[in-house]
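A.B. asks: Predicted model, plus sequence, below.
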Amino acid sequence: MKQKKIFATADFSPTQAELEILRTYKKRSQLTEIWRRLRKNKAAVLGLIMLSIIFLAAIFADVLYDYDTVVIQPDYSSTLLFPCAEHPLGTDELGRDVLARIIHGTRLSLTIALLSTICSLSIGGIIGAYAGYIGGKFDSIIMRVMDIFLAIPNMLLALAIVAALGPNLINLIIAIAISDIPRFARILRSTVLSIKDSDFVEAARAAGAKRSTIVFREIIPNCLAPIIVQASIAMAAAIILAAGLSFIGLGVQPPAPEWGAMLSSGREYIRDYQYLVLFPGLAIVITVLAFNLLGDGLRDALDPRLKQ
């Protein structure tokens with residue numbers, strides 16, 4: 001009886017350190033499972049490889065071609081040269097190497113896509129998370145405002161913002177970010193509504209956690225799957241939107257090597273020098289395709305309902 005009493009009163013609850021080890025092991029197991037699913041998707045792997053090459057080109061652009069002397073400075077002795085050994089993709093109307101400008105344009109396009117997506121994700125995610133968690137009139141008002149923005153096409157909304165603020169890189173990023181905020185807000189709201197009554201959220205409430213603590217430490221970390229998928233799609237859309245605005249003169253201004261601006265300057269010579277629009281257009285298509293392939297693969301890999 002004495003032995004049973006001692007055994008019954010012994011404390012076998014895990015310590016905080018043990019709980020952290022368990023959480024870390026669980027996260028690693030989840031990441032391993034996600035990577036296993038992603039590797040089985042050949043299209044997603046292709047997209048990942050393409051994006052790796054694109055990001056490497058952006059990172060080492062200055063190593064490959066000097067920005068000032070090759071990308072920006074005109075060379076009137078080499079204008080409108082067709083692709084050759086010295087200039088693999090030819091030269092433009094100012095004698096600048098097209099390949100060098102496309103590679104440096106990769107850095108510019110990825111910067112626009114990354115910064116605009118981070119901004120729209122941060123603002124839209126917080127708005128959507130609080131709207132879903134608080135609910136009631138606050139949720140209704142916020143979602144009606146988001147619906148108004150969603151009723152306006154992205155290009156039209158971004159065009160109006162850039163026209164009001166002025167055409168430059170910073171204003172372009174702001175315009176693209178604002179146009180994407182409603183989509184992140186709606187996605188986070190719908191995800192929060194599905195998990196806000198879960199046991200771990202109720203436990204946090206019972207422990208006396210503040211609303212902001214519950215939202216940022218309990219709810220948002222459990223919404224990462226849809227956030228990651230939407231972010232990959234948003235980056236592809238941002239590249240297209242930036243190229244479109246630059247094409248009509250409301251984005252990045254010359255002589256910066258932005259892909260849309262290169263298309264705009266090359267359209268005047270499209271009849272005789274098709275490569276001036278072909279190669280920048282291919283750069284846009286390949287980059288957007290890579291993001292979409294990876295986004296579709298991540299959606300399948302992060303979906304817990306899939307059994308592979």
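C.D. replies: Thanks, I have the structure now.
A.B. asks: neighbours around the residue lying closest to N171 once chain neighbours are set aside, how many?
C.D. replies: Once flanking residues are discounted, N171 sits nearest to L165: 4.1 Å by CB to CB, 6 or more residues apart in numbering. All C-beta spots, glycine's among them, are computed from the backbone N, C-alpha and C. Using other CB atoms under 10 Å, the number of residues around L165 comes to 14.
A.B. asks: correct me, but L165 touches I178?
C.D. replies: No - counting by CB atoms under 8 Å, L165 sits too far from I178 to count as a contact (10.3 Å).
A.B. asks: Could you tell me which ranges of the stretch 51-200 of the chain sit under the pLDDT cut-off?
C.D. replies: For the stretch 51-200 of the chain, applying pLDDT under 70 flags no range at all.
A.B. asks: What are the boundaries of the helices in it?
C.D. replies: Using DSSP state H, counting those that start in this stretch, the helices of the stretch 51-200 of the chain run over residues 61-64, 98-134, 136-150, 154-165, 169-195, 199-206.
A.B. asks: can you give me how far the second one is from the chain middle?
C.D. replies: Taking CA atoms, centre = their mean, to the nearest Å, one finds helix 98-134 lying 5 Å from the centre of the chain it belongs to.
A.B. asks: just how off-centre is stretch 118-138 within its chain?
C.D. replies: Centroid separation between stretch 118-138 and its chain, computed with CA atoms, centre = their mean, is 18 Å.
A.B. asks: buried sites along it?
C.D. replies: 119-121, 123-133 (16 or more other CB atoms under 10 Å).
A.B. asks: Please name the residues that touch L263.
C.D. replies: A243, F247, V277, P280, G281 (CB atoms under 8 Å, 6 or more residues apart in numbering).
A.B. asks: ok, 10 Å please
C.D. replies: Taking CB atoms under 10 Å, 6 or more residues apart in numbering, we find L263 in contact with 243-244, 246-247, 270, 276-281, 283-284.
A.B. asks: Also S140?
C.D. replies: A131.
A.B. asks: any chance of the contacts of L263 in JSON lines, with neighbour count too?
C.D. replies: Listed next are the contacts of L263 as JSON lines, based on neighbours: other CB atoms under 10 Å:
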{"residue": "A243", "neighbour count": "27"}
{"residue": "G244", "neighbour count": "18"}
{"residue": "S246", "neighbour count": "28"}
{"residue": "F247", "neighbour count": "19"}
{"residue": "I270", "neighbour count": "13"}
{"residue": "L276", "neighbour count": "24"}
{"residue": "V277", "neighbour count": "18"}
{"residue": "L278", "neighbour count": "16"}
{"residue": "F279", "neighbour count": "21"}
{"residue": "P280", "neighbour count": "28"}
{"residue": "G281", "neighbour count": "16"}
{"residue": "A283", "neighbour count": "23"}
{"residue": "I284", "neighbour count": "22"}
